[in-house]
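In: I'd like to go over a predicted model; first the sequence, then the structure.
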Amino acid sequence: MDNESHMYDGIGTGPIFLLIFIAAFYLYVYWRIFEKAGKPGWAAIIPIYNTLVMLEIVGKPWWWILLFLIPGVNFVFAIWMVNLLSISFGKGIGFTLGLLFLSPIFYPILAFSNAEYKGPAGAPSVLEM
């Protein structure tokens, strides 16, 4: 019997199911955030398109997605987009820091709390005027 054959067994199914659960939870959280902002929830599951929809939510042009392809620049604009998302829901810089550093806690808070979409970057929506 070869004692080292177990070395190639893999990680097992537990971590895989955990990763699937986490991914599904985040998709649901983004789905709720999109719906709160008046966008279709299903857009959260389509890569690249979900970023375009998020740019609409925060009030930035579509070509910002090209800036996410530039190393270094993408980091700055991603933080800026998270800040604008926070402002769009009437939250401040503290909530932005929470979204950046404690995202597993703050994104669900944004999705499931009574936070209301105020318009792109906090501007009053057309319906409120």
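Out: Okay, I see it. The structure presented is a predicted model; accordingly, all values stated were derived computationally and were not measured. Numbering: from 1, shown residues only.

In: now do the SS call for the residue positioned nearest the centre of the chain.
Out: Nearest residue to the geometric centre of the chain (Cα atoms, centre = their mean): Tyr30, 5.6 Å. On the three-state scheme (DSSP: H, G, I helix; E, B strand; the rest coil), Tyr30 is labelled helix.

In: dihedrals phi and psi, the residue nearest to Gly92 when sequence neighbours are not counted?
Out: In space, and not counting its chain neighbours, Gly92 is closest to Ser86: 7.1 Å by Cβ to Cβ, 6 or more residues apart in numbering. C-beta coordinates here come from the backbone N, C-alpha and C atoms, glycine included. Per-residue torsions, Ser86: phi -60, psi -50 (degrees, to the nearest 10).

In: and the gap between Ser86 and Glu35?
Out: 18 Å (Cβ to Cβ, to the nearest Å).

In: among the two, which residue is more densely surrounded?
Out: Counted by other Cβ atoms under 10 Å, Ser86 and Glu35 do not tie: Ser86 has more neighbours, with 25 against 16.

In: circling back to that earlier point, wait, the residue nearest to the centre of the chain sits on Pro47?
Out: No: using Cβ atoms under 8 Å, Tyr30 is not in contact with Pro47; the gap is 11.8 Å.

In: thanks a lot, catch you later.
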